[in-house]
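Asks: Could you look at this predicted model? Sequence included:
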Amino acid sequence: MTSPPHHAMFRVFQHDPDLFGRMAPRLGIAVPAIVETTPLLSAADGSTPVACRSNTQLRLTTAGQEELQLLIEAQDRRDPDKPVHWAHHVAYMWSRRRLPTCLLILCADAETARWAEQPVSSGPAQPPALTLHPFVAGPHNVPLVTDQDEARADPALAALSAMMHPADPAVGTALEALSAALRDLPDVLAHPLTDLTDQALALHPARRAWRELMLPIVREKEYRKTRDEGLADSTRESLLLVLGERGFLLGEDMRRRVAHCHDPGILRHWLLRAVMAQRPEEVFEDG
């Protein structure tokens, strides 16, 4: 089943768990400096109740070695039933892992964000048995990132800001900055943010602009990948040919190293060494 568009926002934190630590000061959240962030299993492991599964869960370690856990959920509209579920999620995760627990709500709508910021209380008014104070990130406290240097410095935050301002008149400029930042990233880092941004914009005209921006970048990366794979295969073949002509017998480890190398530069370096080496081990010394 396809996730709703607003779910892409909390999934950004699965891609970049350290994002909360960078965002907290901007949001005015008084959490001590976070030195380590570890994703926790939620939906996939089957150990979390169904009601708690649409979120990201992180374990945070502060500079004072205090540990706490953070639940991150997304909300796209007012829902009077949701605060009770939030309180349940926090209480359940607190009792399950026995770690201080906080909740961050992500909203792409300013009115929904203001509603979500309200404390949730249960029990007599004086005093309530339980009060939940959610952290909230939305258009009111996550500015739209339109500067390319700022987007390059923090692509995950730039992507999240675009998701929270899909109808902003400047969203086109923000998407241009984000696409420029993703162009420079390795595919393993760029692809998740590209896909999540596309998912988040699914209900907005900005999605078309995003796809038009990313199409030439994706094509260029695919061309480079195909070119590099072909160059690596050709250089690997030449390397093995030279080693064979020189009468070098490669051990199993050396053959495996050559077969598993897909970097044309490294293979070319080995090829040049193979021409002058006195023994096969010299080809692979120091990389």
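Replies: Cool, got the structure. This structure is a prediction, so every number in the text was calculated from the model and none was measured.
Asks: Can you tell me, leaving aside adjacent residues, what's nearest to Leu203?
Replies: In space, Leu203 comes closest to Pro5 once its chain neighbours are excluded; the distance is 5.7 Å by CB to CB, 6 or more residues apart in numbering. For glycine as for every other residue, the C-beta is placed from the backbone atoms N, C-alpha and C.
Asks: any idea how far that neighbour is from Met23?
Replies: Using CB to CB, to the nearest Å, one gets 20 Å for the distance from Pro5 to Met23.
Asks: tell me which residues of the longest strand along the chain are tucked away?
Replies: Among the segments of the chain that qualify as a strand by DSSP state E, the longest is strand 67-75. Judged by neighbour count using 16 or more other CB atoms under 10 Å, the buried positions of strand 67-75 are Leu68, Gln69, Leu70, Leu71, Ile72, Glu73, Ala74, Gln75.
Asks: Can you list the buried residues in the longest helix along the chain?
Replies: Secondary structure of the chain per DSSP state H: the longest helix is helix 206-245. Going by neighbour count (16+ other CB under 10 Å), the buried part of helix 206-245 is 206-207, 209-210, 213-214, 218, 221, 231-232, 235-236, 239-240, 242-243.
Asks: how far does stretch 209-225 sit from the chain's center?
Replies: 19 Å (CA atoms, centre = their mean, to the nearest Å).
Asks: hmm, who's touching it?
Replies: Stretch 209-225 is contacted by residues 171-172, 175-176, 179, 182-183, 187, 190, 194, 197-198, 201 when judged by CB atoms under 8 Å, 6 or more residues apart in numbering.
Asks: can you tell me the average pLDDT over that stretch?
Replies: When pLDDT is averaged over stretch 209-225, the result is 81.
Asks: picking that back up, mind putting the contacts of stretch 209-225 into TSV with neighbour count and pLDDT?
Replies: Converted to TSV, those look like this (neighbours: other CB atoms under 10 Å; pLDDT from 0 to 100):
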residue	neighbour count	pLDDT
Val171	24	96
Gly172	16	96
Leu175	26	96
Glu176	16	96
Ser179	22	95
Leu182	25	94
Arg183	16	89
Asp187	14	84
Ala190	20	91
Thr194	22	93
Thr197	25	95
Asp198	15	93
Leu201	22	95
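Asks: Nearest to Trp270 among those?
Replies: Asp187 (24.7 Å; CB to CB).
Asks: so where's the stretch 101-250 of the chain shaky on pLDDT?
Replies: For the stretch 101-250 of the chain, residues meeting the criterion pLDDT under 70 lie at 223.
Asks: Strands along that one, start to end?
Replies: For the stretch 101-250 of the chain, the strands identified by DSSP state E, counting those that start in this stretch occupy 101-107, 120-122, 130-132, 135-137, in order along the chain.
Asks: quick one: Arg183 from Pro155, how far?
Replies: 10 Å.
Asks: Identify the contacts common to these two.
Replies: Common neighbours of Arg183 and Pro155, counting by CB under 8 Å, 6+ apart, are Ala190.
Asks: just to revisit the earlier point, what's the helix or strand just after the longest helix of the chain packed up against?
Replies: Secondary structure here is assigned by DSSP states H and E; on that basis, the next helix or strand after helix 206-245 toward the C-terminus is helix 252-260. With contacts defined as 3 or more CB pairs under 8 Å, 6 or more residues apart in numbering; DSSP states H and E, the secondary structure elements packing on helix 252-260 are helix 206-245, helix 280-284.
Asks: For the last one, the averaged confidence score.
Replies: Helix 280-284 shows an average pLDDT of 87 in the prediction.
Asks: Report the distance from that helix to the chain centre.
Replies: For helix 280-284, the distance between its averaged C-alpha position and the chain's averaged C-alpha position is 39 Å (CA atoms, centre = their mean).
Asks: Helices of the stretch 51-200 of the chain, residue ranges please.
Replies: In the stretch 51-200 of the chain, the helices defined using DSSP state H, counting those that start in this stretch lie at 82-97, 110-116, 148-153, 155-164, 171-183, 187-200.
Asks: Adding distance to Thr62, write the ones you listed out as CSV.
Replies: Formatted as CSV, the entries for the helices of the stretch 51-200 of the chain read as follows, by distance: least, CB to CB, whole Å:
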stretch, distance to Thr62
helix 82-97, 16
helix 110-116, 25
helix 148-153, 23
helix 155-164, 21
helix 171-183, 29
helix 187-200, 26
